[in-house]
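Trainee: need coordinates for the following:
(2 chains)
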Amino acid sequence: MPYPEALKDLMKKVEETRPARVERKQADKEFPMMSLEEREDILKFHPDYIDEGRREIKIGPNKGYKIAHEVVDMLEAKSRVEPAKVDLTKADYETDVLVIGGGGAGTSAALLAQEQGAKVIIATKLRHGDANTMMAEGGIQAATKNWKDSPYYHYLDVVGGGHFKNKPELVETLVSEAPDVIKWLVELGCNFSRFDDGTLKTLHGGGTSRKRMHFAADITGAEMMRTVRDEARNRCEDIKVLEFSPAVELILNDKGECAGALMYNMDTEEYFIIKAKAVVMATGGSGRLHVQNFMTTNHYGATGDGLVMGYRAGVGLCFLHTIQYHPTGVIFPEQAEGILITEKFRGSGANLVNIKGEQFVNEREPRDIEASAIIRECVDRGLGVPTPTGKFGVWLDSPMIDHLSGEGTVEKEFPGKFILYKRFDIDISKEPMLIYPTLHYQNGGLEFKKDGSTAVKGFFIAGEVGGGTHGENRLMGNSLLDIMVFGRIAGKNAGEFAKDRSDLGQLSLEHVDKYHKEMAEAGIETDRVAPMLLPDYTPVEIKERELTSHYVGTIR
Amino acid sequence: MSTTESTPAKIKAKLVPIYIMGKRYEVPESLTIMKAMEHAGYKFIRGCGCRGGICGACGTVYRLPGDYHIRVGLACQTVVQENMYLTQIPFFPANRAVYEMEEVAPEVSYVQKNYPELFRCVACNACTKVCPMDVPVLDYISAIKQGDFKKATELSFDCIQCGLCATRCMGEMAQYHIAQMVRRIYGMKMAPYPEHCKEMVEGIKGGKYDGFLAELKSASVDELKKLYTEREQESHMADEKWEPQEKQYL
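Mentor: Modelled structure (predicted):
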């Protein structure tokens, strides 16, 4: 489906203003960055600031905390099982470390736990590697170039992007461990793009003061994921992987410490028990909850399961009141709607322009600012570009990149997106892309300390399921970094912890009973069940004809 | 602004018949195979992953009436066609060699030791034809056989490991596992090493930046805001050798 004539007409405006914009860029004259005051002002267009979109949680450690309805719905839901029916006297598996989630955070945690001598089980809802990690395109931040950068500047960029609310200890850990993560990955054989002398190529991202975004063409996350997964597979003697086997509840012991998890076999619908000396939660984010009905870039399995399990076990939440909308998701062609257009396009110089062909924001503002500016252009100023599907977007002027860096650059640096659009008969090195913000990242999550530990002994956190590192807004390239830094740390410390633990005590799901009771006392009457495990995209008319009397969760 | 993904029923488009594993359904003509199957009432456990064309979960084969060709696509990326007969291949058995990083050698013989079937390739090119990512599978296998691991890395880089090549291979290879091993060997042993990264790690471990970070951790929000606003920016057009004016925190 190429651009229809109406859009091709509108595109002429972009072409008219392009030479002047390219010239401006070459002369190093940037569109002015917003001041901190201007940033504050434009944020009122951001979905996080729309009050009707949220409500207070009625129960649990963060009772009274106001976050998105869709997330509260998951927290104010019943367990998938009746705890009394679960026989906890027999474990189906016993292990030192159980890692819940098979993405980048979980897999790096498994590798480091194994290096401490632990036997590890990775249990994952879909296939090993089915995760947002695989989909991250743009890059991973790390201050690896000491002639122009250091963890000091990385720290400043991180907290500036996060509205100065980030937890300092976590930021310090993130930026100090970053170069070591790159080194580790390189030595595992991860092919980051580099010059002939070995110097790693780096670019800018939104909110960075130095070019420190390392990348592997435009499939950085996939290259990282398949590298660590391949290594985990080499260690299959010690790292066992259970696919299509999500956790649905944590199992505690009589002292309230973590002692394993209740698992579910997606194929056979059986529940089973894994007893573990330490558990690492690495379930990722929650884009598939479609907060405020936004489209999402997230993986099919990103349904916030870990939040639910951790919260029921008594771990608090933080920063969940902010959600990241990636500024540039495909809004047309419709088949590709919601798909991420990496920030690297903007890092490489592509402007955002409105229906008049005018640039309206510097393309390197932090993500929440950039997204707000796009929403304002479409919703408030009426300068959005109408799509054939009745929506609005703005142009991302990708052809500029070929003008700036030489013909063929777009095709070479963005092969994935080039092919995607080629299928729709659109050549993004010649025609701009139509984009709109898309639900991308869970800025907040479960509370954890810099060593990966939590309020529940034996229970560790890694990656997007945790909150605090990014404050109220994450910068590009810091999530691939986050999962590797805190994945490794959680894995290492879980491995160490498991070593020193012998008696697991008596296994219990009492916390789930307590949670159910608390729900009843708060007057929450619902047939909602969580974790959701998978979103449901069945059309309404078909649902109406599905007459089986009781459906639960994944199995409708 | 909302999503079509959560509201697929609202699409008003011409309906076309498709055959999902032989069974006829009518679906809007503009949908991808994945969304069409959901529109028809399927709920995926297998055969659906990232929904963005990179995870390799939804490899799909199909035929069109009166046409002998086997056609392929990713269900999340391929738009339905009238009267297509389709099935997904979400899993195909494939043996993977287990190898130790320490003993890896950048040589064909090492790959051959782990995957003797490499030399069973008869160059039939069925693998390349079946690749939904247009990866030149036969070409990278040939490059591996010739010991050109750099070329093999480049040629196989867009592989999403969906496994469709393995379903069609006359030599019964799992090409994508071989490519994965070769890419890692290239990255580990053959690609030029980034010394600057090692240097930075040593600096950090030596405590060079501890004081600077302690300063930031204890700074007030106002102080941080000032430092943030005034921090020197590397310009977009700056080249690799650019150096900032302020060097005391480097």
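Trainee: show me the helices in chain B, by range?
Mentor: Using DSSP state H, the helices of chain B run over B:33-39, B:108-114, B:126-130, B:137-145, B:149-156, B:164-168, B:175-185, B:195-205, B:210-218, B:221-230.
Trainee: got those helices as JSON lines, with distance to A:Glu94 columns?
Mentor: Every C-beta, even on glycine, is put in place using the N, C-alpha and C of the backbone. Output for the helices of chain B, formatted as JSON lines (distance: least, Cβ to Cβ, whole Å):
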{"stretch": "helix B:33-39", "distance to A:Glu94": "38"}
{"stretch": "helix B:108-114", "distance to A:Glu94": "32"}
{"stretch": "helix B:126-130", "distance to A:Glu94": "42"}
{"stretch": "helix B:137-145", "distance to A:Glu94": "41"}
{"stretch": "helix B:149-156", "distance to A:Glu94": "39"}
{"stretch": "helix B:164-168", "distance to A:Glu94": "34"}
{"stretch": "helix B:175-185", "distance to A:Glu94": "30"}
{"stretch": "helix B:195-205", "distance to A:Glu94": "36"}
{"stretch": "helix B:210-218", "distance to A:Glu94": "41"}
{"stretch": "helix B:221-230", "distance to A:Glu94": "47"}
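Trainee: so for A:Gly221, which of those sits nearest?
Mentor: helix B:175-185 (15.3 Å; Cβ to Cβ).
Trainee: circling back: redo the helices of chain B as CSV? Include mean pLDDT, mean neighbour count and distance to A:Gly189.
Mentor: Below are the helices of chain B laid out as CSV (pLDDT from 0 to 100; neighbours: other Cβ atoms under 10 Å in any protein chain shown; distance: least, Cβ to Cβ, whole Å):
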stretch, mean pLDDT, mean neighbour count, distance to A:Gly189
helix B:33-39, 95, 25, 32
helix B:108-114, 97, 16, 13
helix B:126-130, 97, 20, 23
helix B:137-145, 98, 22, 15
helix B:149-156, 98, 20, 10
helix B:164-168, 97, 23, 21
helix B:175-185, 98, 25, 3
helix B:195-205, 98, 18, 15
helix B:210-218, 98, 15, 31
helix B:221-230, 97, 14, 37
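Trainee: quick one, what contacts the nearest residue to A:Met484 once chain neighbours are set aside?
Mentor: Leaving aside its chain neighbours, A:Met484 sits nearest to A:Val181 (4.4 Å; criterion: Cβ to Cβ, 6 or more residues apart in numbering or on different chains). For A:Val181, the contact set (Cβ atoms under 8 Å, 6 or more residues apart in numbering or on different chains) comprises A:140, A:142, A:481, A:484-485, A:488.
Trainee: can you do 10 Å?
Mentor: A:Val181 makes contacts with A:108, A:140, A:142, A:144, A:174, A:214, A:224, A:480-485, A:487-488, B:197, B:201, as judged by Cβ atoms under 10 Å, 6 or more residues apart in numbering or on different chains.
Trainee: for the most centrally placed residue in chain B, which non-adjacent residue is spatially closest?
Mentor: In chain B, the residue lying closest to the centroid (Cα atoms, centre = their mean) is B:Ile160, at 3.9 Å. Spatial nearest neighbour of B:Ile160, chain neighbours left out: B:Gly56 (3.7 Å); criterion: Cβ to Cβ, 6+ apart.
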